[in-house]
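Trainee: sequence and predicted structure below; questions after.
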Amino acid sequence: REDQMKTKLMRIAAGAILTVLAAAPATAQEVIVANVIDGYPARAMWVKEFSDFFIPEVDKRLAKTGNYKMDWRESYGGTVVKPRGVLEGIQLGLGDIGIVTTIFHSSKLPSQAISAVTPFVSADARIVARAVDEIAREFPTMQAEFDKQNQVYLTTGVVLDTYQLFSKSEIGTLADLNGAKIAGAGMNLRYVEGIEGAVGVRGGLTDFYNMLQTDLVEHAMLWPEAAATFKIAEVAPYMLNANLGAVNTKTVTANKDYWNGLPDEVKTVIQEVAIAYRDHLAELAMSKAAESHIAFMTAGGTIVNMSDSERKAWADSMPDIAGEWAKDLNDNGHPGSEMLKAYLAKLSAGGSVALRDWSAGLSN
């Protein structure tokens, strides 16, 4: 009888063990750490949307299989790198994933300037974002530039509907800018080269307020959403509505060594969400455009519309920056002319009407 009892207890114990094993997952969920960096503060739109859109979307898609879980560790606002330091930070492994502000790195990432060298063509962030990202995938040049920086290109970010000019005093014509000191970043500094006596002064989004406040410059080129975020109306209460054009200034990248160590499932999800983030940012930029105009005026700002004839005069005053860009790439063994033509064709197919044909100066 004692033997029967032992046998019965053993069967019960074995059954309990099998039940537990059946309920347990076949493999344990793997936790993957992802250090995300940007030098800009968390309130900057693209950073906020990385936290509020990109990260939750990756988590949601990975949860469908439950094989992997991300441990996101976000560092923004200069805690790891300054705004200009993201490219090097990702290269060195200070971050695993980052949002690179490409306009700061024209020598290392020359092809990223493709939208910046074609002003007065499109003020639609959605069209520009998609076109630049397609060029990056159709031509090897853009991805190769990031590969040299030990990074994997994930997607293009367009966070501005269009550059405008913010001023300390009211202006309405191109002649009003003669002899002016105008703040800009990257390629848009070249937009003022054809204006008599005008000087472009290099700065960044986080610098413009102080540059205007201290009279280092009288004007600054930025976009309305950023002007509202950084309270530019306090120091430059006039906005010239010139619609210079939407420009890609952000690229999401991953450290190459980190990326190569990720499971394929995680890579696929991140790549898919990167495209969704691209389109989400562009849509948001467009939806915020009208709101930002209202916010600027509510903060005491005045908006002055530049006439189409003055806008065309500005476009025609510029040097052939697109042709120069394409030639530099061509001379270094890259298909610059083909990239430019393909890009402009994509903008045209999207409904954009150019005030200047930037392909006119290309050699056949």
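Mentor: Done, it's in.

Trainee: phi and psi next, for Ala183.
Mentor: The phi/psi pair for Ala183 (degrees, to the nearest 10) reads phi -80, psi 140.

Trainee: now swap in Leu154 and tell me
Mentor: Dihedral angles (degrees, to the nearest 10) for Leu154: phi -110, psi -50.

Trainee: from what I see, it and Thr268 are in contact.
Mentor: No: applying C-beta atoms under 8 Å, one finds Leu154 not in contact with Thr268, separated by 12.0 Å. (C-beta placed from N, C-alpha, C; glycine too.)

Trainee: more neighbours: these two, which one.
Mentor: Between Leu154 and Thr268, counted using other C-beta atoms under 10 Å, the more crowded position is Leu154 (26 against 12).

Trainee: state the distance from the more buried one to Ile37.
Mentor: 14 Å (C-beta to C-beta, to the nearest Å).

Trainee: how about Tyr163?
Mentor: Separation of Tyr163 from Ile37 (C-beta to C-beta) stands at 26 Å.

Trainee: same question, Gly350
Mentor: 32 Å.

Trainee: between those two, which has more neighbouring residues?
Mentor: Between Gly350 and Ile37, Ile37 has the larger neighbour count (other C-beta under 10 Å), namely 22 against 14.

Trainee: tell me the contacts of that one?
Mentor: Residues near Ile37 by C-beta atoms under 8 Å, 6 or more residues apart in numbering: Glu74, Ser75, Tyr76, Val80, Val81, Val86, Gly89, Ile90, Leu94, Gly95, Ile97, Gly98.

Trainee: doesn't the fifth one belong to a strand?
Mentor: The one in question is Val81. No: Val81 is assigned coil when assessed by DSSP: H, G, I helix; E, B strand; the rest coil, not a strand.

Trainee: can you pull the contacts of it?
Mentor: Val81 neighbours (C-beta under 8 Å, 6+ apart): Ile37, Asp38, Gly39, Glu88, Gly89, Leu94, Gly95, Gly98.

Trainee: all the strands of the stretch 1-150 of the chain, in order from the start?
Mentor: Ranges of strands in the stretch 1-150 of the chain, per DSSP state E, counting those that start in this stretch, are 30-37, 68-75, 97-101.

Trainee: and those: which comes nearest Ser111?
Mentor: Closest approach to Ser111 among the strands of the stretch 1-150 of the chain (C-beta to C-beta): strand 97-101, 13.4 Å.

Trainee: which outside residues touch the closest one?
Mentor: 34-40, 46-47, 50, 81, 83-84, 86-87, 89-90, 109, 151, 154, 157, 249-255, 258, 270.

Trainee: tell me which strands that strand pairs with, and in which orientation.
Mentor: Using DSSP bridges, the strands paired with strand 97-101 are strand 30-37 (parallel), strand 250-255 (antiparallel).

Trainee: tell me the most buried of those?
Mentor: strand 250-255 (a mean of 26; mean count of other C-beta atoms under 10 Å).

Trainee: and the next element down the chain from it?
Mentor: helix 256-260 (DSSP states H and E).

Trainee: who are the contact partners of Asn248?
Mentor: Counting by C-beta under 8 Å, 6+ apart, Asn248 has contacts Thr102, Gln112, Ile114, Ser115, Ala116, Val128, Ala129, Val132, Thr156, Gly157, Val158.

Trainee: also Gly194?
Mentor: Trp314, Asp316, Ser317, Met318, Pro319.

Trainee: what subset of those residues is buried?
Mentor: Trp314, Met318 (16 or more other C-beta atoms under 10 Å).

Trainee: Met339 contacts Ala326, doesn't it?
Mentor: Yes: using C-beta under 8 Å, Met339 is in contact with Ala326, at 7.3 Å.

Trainee: okay, the two: which has more neighbours?
Mentor: Ala326 (26 against 22).

Trainee: before we move on, the earlier item: need the buried ones from the contacts of Asn248 selected in ChimeraX.
Mentor: Buried residues among those (16+ other C-beta under 10 Å), as a ChimeraX selection:
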select :102,112,114,115,116,128,129,132,156,157,158
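
Trainee: let me know the closest of the contacts of Asn248 to Asn305.
Mentor: Val128 (21.9 Å).

Trainee: any idea how far the closest one is from Ala242?
Mentor: 17 Å.

Trainee: try Thr102
Mentor: 23 Å.

Trainee: what of Ser309?
Mentor: In terms of C-beta to C-beta, Ser309 sits 12 Å off from Ala242.

Trainee: more neighbours, those two?
Mentor: With neighbours defined as other C-beta under 10 Å, Ser309 and Ala242 compare such that Ala242 has more, 25 against 10.

Trainee: verify the stated contact: the more buried one with Ala313.
Mentor: No: using C-beta under 8 Å, Ala242 is not in contact with Ala313, being 10.9 Å away.

Trainee: tell me where the longest helix sits in this structure.
Mentor: In the chain, assigned by DSSP state H, the helix with the most residues is helix 264-298.

Trainee: mind giving me the packing neighbours of that helix?
Mentor: helix 45-49, helix 55-62, strand 68-75, helix 125-138, strand 151-157, helix 224-229, strand 250-255, strand 302-305 (3 or more C-beta pairs under 8 Å, 6 or more residues apart in numbering; DSSP states H and E).

Trainee: hmm, who's touching the shortest one?
Mentor: When contacts are taken as C-beta under 8 Å, 6+ apart, the neighbours of strand 302-305 outside the stretch itself are Glu170, Ile171, Gly172, Pro237, Tyr238, Met239, Leu240, Asn241, His293, Phe296, Met297.
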